[in-house]
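In: missing the sequence, but the structure's below:
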């Protein structure tokens, strides 16, 4: 029988407050817990009959995994494949953004005010290759991540962002296998969100035998990112992987849960264009797909398919990096060639303010989101329980092209001497927050051109290496990226993106604002919910006032399935499993 321990972030904070005798208020669980909107298909609905085993489901996403090594991934398309195969110690409860459940750890001790966490591991679990899962396996995985070499550190985005970098000075002081099924993780300092961080796919546990056989401890020898191996503990095993074609997964009949997965096989195909995904569903070559274009919602339902909507928990942003040109040159990146050694105009605050004033966010919603979604005044979406508190620190952007032109003039730029900015967008992908990257890029480029910018357009394939790598390592003047929250806490939004790693600002934005590092440290350490909201509002204000990025849109997101597909449980985070999915035969 699969037993879970459920606990929410806000409940944890409340327990700490009670222990300290402090008083505080927090967003209610009802406000902060994400769930599927009423009327969406999911496990909570009455299903037609009992689940039955068997069959193959062909499902389409926008891309396959950027890497087969979970620790070196950071995007939802990678997570979709890998979280069927690999499992973390703890995870979010189905449909929730703030409740934890035990997975490979059956239970644990440790609260936000503590620096020691003791995990009691599940007994009788084996990796797909037959290697026993135990405390030593957990230690080997965490030690590997902490000691990544410089090359792998550049791709291990989540570990660096959530654990304050790598090496002996990062957040994790030690990981000890105190007995066969007990792991003790000691932190350098308390962390209100440590448990939430390790729910993510990059912290999933890989078979130590496979880590050794694939040479995964060194970027020079590792083949884990490309090899088809049986290295997880999850309900599905990777049977075949053809880049840009398909990932084939088969049921793990020895799965430790209360039952094996219902599906015999799960095939995940990459179809970059949302219109092509809809056509594939209509033509019968797939039985489901993610990232339905909001303008297609009515067509999906009119054709008799199930539309499974998620609570919006994302944001599209325009990243700005004043030191991108220096970063690219220092890394000897090919991106440096496009800059030609010229100084970046983005170093002028007025230029960055002009960019924010030039963008008509509502026009983007009308043109590319089917009129659905909402203007992103703040990075956090309205569905977050922390939204109102953090918004108090932010002055929302105002679309004002005349003000943008005046700001450029004040900075010394004219029609004969326009500021030149290089602007990248990703290809061969759509994201929940970005249904049409090329179209959005063209629209925003035109808005910038209209107020006096000289915009030079570039694109790259969404991959690592590729667009993701270059954007996250800070090589682009301007770029589109976005975020689907991993859990409901401001640190997962502002902290992950702008947090300093051992004194260095986040490379993606080069946002080294006076007072920001201290403000982030204060916000991260604050346990009182009211004070925590106020502290993150201060962080948000510093970032927005200095225009380190421009938040654009919170997009609606949904999946589509044929009527036979049952039991899919949507989550606002997009972190979902096919473990509960079955085919009704209708």
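Out: On my side now, so go ahead. Every value quoted in this text rests on a predicted model; they were computed, and no experiment measured them.
In: what helices or strands is the longest helix seen in the chain leaning on?
Out: Ranked by residue count and defined by DSSP state H, the top helix of the chain is helix 529-545. Helices and strands touching helix 529-545, by 3 or more C-beta pairs under 8 Å, 6 or more residues apart in numbering; DSSP states H and E, are helix 9-20, helix 387-391, helix 494-498, helix 516-525. Using the backbone N, CA and C atoms, a C-beta is placed for each residue, glycine as well.
In: what is the mean pLDDT for the second one?
Out: What it means is helix 387-391. Taken as a whole, helix 387-391 has an average pLDDT of 97.
In: tell me what it is packed against?
Out: helix 529-545.
In: beyond the longest helix of the chain, next helix or strand please.
Out: Beyond helix 529-545 on the C-terminal side, the first helix or strand identified by DSSP states H and E is strand 549-554.
In: partners of that next one in the sheet?
Out: Its sheet considered, strand 549-554 pairs with strand 314-320 (antiparallel), strand 374-375 (antiparallel) by DSSP bridges.
In: would you map the strands across the stretch 151-300 of the chain?
Out: Here the stretch 151-300 of the chain has its strands, by DSSP state E, counting those that start in this stretch, at 172-179, 182-187, 236-242, 246-251, 265-270, 288-290.
In: got a list of contacts for the third one?
Out: By that I understand strand 236-242. Contact partners of strand 236-242, identified using C-beta atoms under 8 Å, 6 or more residues apart in numbering, comprise 64, 68, 84-85, 128, 228-230, 232, 246-252, 261, 265-266, 578-579.
In: and that strand with strand 246-251, angle?
Out: Counting by axes from the mean of the first three to the mean of the last three C-alpha atoms, to 10 degrees, strand 236-242 lies at 160 degrees to strand 246-251.
In: the second one now?
Out: Compare the direction of strand 182-187 with that of strand 246-251 by the same axes, to 10 degrees and you get 140 degrees.
In: buried ones in strand 182-187?
Out: Of the residues in strand 182-187, those buried under the neighbour-count criterion (16 or more other C-beta atoms under 10 Å) are 182-185, 187.
In: so after the lowest-mean-pLDDT helix or strand in the chain, what's the next helix or strand?
Out: Evaluated with mean pLDDT, DSSP states H and E, the helix-and-strand set of the chain has its lowest mean pLDDT in helix 29-32, which scores a mean of 37. Per DSSP H and E, helix 29-32 leads on to strand 56-61 as the next helix or strand towards the C-terminus.
In: surely residue 106 and residue 120 touch.
Out: Yes: applying C-beta atoms under 8 Å, one finds residue 106 in contact with residue 120, separated by 5.5 Å.
In: mind showing which ranges of the chain have poor pLDDT?
Out: 1-48, 586 (pLDDT under 70).
In: farthest from the middle of it: give me that residue.
Out: Relative to the mean C-alpha coordinate of the chain, counting by C-alpha atoms, centre = their mean, the farthest residue is residue 416 (41.6 Å).
In: is it correct that residue 184 is in contact with residue 118?
Out: Yes: contact between residue 184 and residue 118 holds when scored by C-beta under 8 Å: they sit 5.2 Å apart.
In: need the residues touching each of the two.
Out: When contacts are counted by C-beta under 8 Å, 6+ apart, residue 184 and residue 118 are jointly contacted by residue 178.
In: can you tell me how far residue 220 sits from residue 149?
Out: The gap separating residue 220 from residue 149 is 8 Å, by C-beta to C-beta, to the nearest Å.
In: oh sorry, the question was meant for residue 236
Out: Distance, residue 236 to residue 149, by C-beta to C-beta: 30 Å.
In: and for residue 498?
Out: According to C-beta to C-beta, residue 498 stands 25 Å off from residue 149.
In: residue 496 too?
Out: 22 Å.
In: more neighbours: those two, which one.
Out: With other C-beta atoms under 10 Å as the criterion, residue 496 and residue 149 differ in neighbour count, and residue 496 comes out ahead with 21 against 13.
In: now do the contacts for residue 141.
Out: Contacts for residue 141 (C-beta under 8 Å, 6+ apart) come out as 71, 205-206, 208, 211.
In: meant to ask about residue 147, not that
Out: When contacts are counted by C-beta under 8 Å, 6+ apart, residue 147 is found next to 166-167, 217.
In: can you lay out those as CSV showing distance to residue 322 and neighbour count?
Out: Formatted as CSV, the entries for the contacts of residue 147 read as follows, by distance: C-beta to C-beta, whole Å; neighbours: other C-beta atoms under 10 Å:
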residue, distance to residue 322, neighbour count
166, 25, 21
167, 28, 11
217, 36, 18
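In: just give me the closest of these to residue 329.
Out: Proximity of the contacts of residue 147 to residue 329, judged by C-beta to C-beta, is greatest for residue 166, which lies at 23.6 Å.
In: and the closest one, what does it touch?
Out: 145-148, 153, 156, 159-160.
In: now those residues: which count as buried?
Out: Buried residues within those, defined by neighbour count using 16+ other C-beta under 10 Å: 145-146, 148, 153, 156, 159-160.
In: which of those fall in helices?
Out: Counting by DSSP H, the part of the buried ones among the contacts of residue 166 found in helices is 145-146, 153, 159-160.
In: just those now: which is nearest residue 289?
Out: Relative to residue 289, and with distances defined as C-beta to C-beta, the nearest of those is residue 159, at 30.4 Å.
In: excluding its backbone neighbours, what's nearest the closest one?
Out: Excluding its sequence neighbours, the residue lying closest to residue 159 (C-beta to C-beta, 6 or more residues apart in numbering) is residue 145, at 4.9 Å.
In: what about stretch 381-400, start to end distance?
Out: Separation of the first and last residues of stretch 381-400 by C-alpha to C-alpha, to the nearest Å is 23 Å.
In: hang on, the earlier thing: closest to residue 196 among the contacts of residue 147?
Out: Taking these together and measuring to residue 196 by C-beta to C-beta, the closest member is residue 166, at 19.9 Å.
In: okay, that closest one and residue 387: tell me how far apart.
Out: As judged by C-beta to C-beta, residue 166 and residue 387 stand 32 Å apart.
In: give me the number of residues near residue 370?
Out: Residue 370: 17 surrounding residues under other C-beta under 10 Å.
In: how about it, what does it touch?
Out: When contacts are counted by C-beta under 8 Å, 6+ apart, residue 370 touches 293-297.
In: now, of those residues, which are buried?
Out: The buried subset of the contacts of residue 370 (16+ other C-beta under 10 Å) comprises 293-297.
In: export these as CSV, with columns for distance to residue 467.
Out: Output for these, formatted as CSV (distance: C-beta to C-beta, whole Å):
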residue, distance to residue 467
293, 21
294, 23
295, 25
296, 25
297, 28
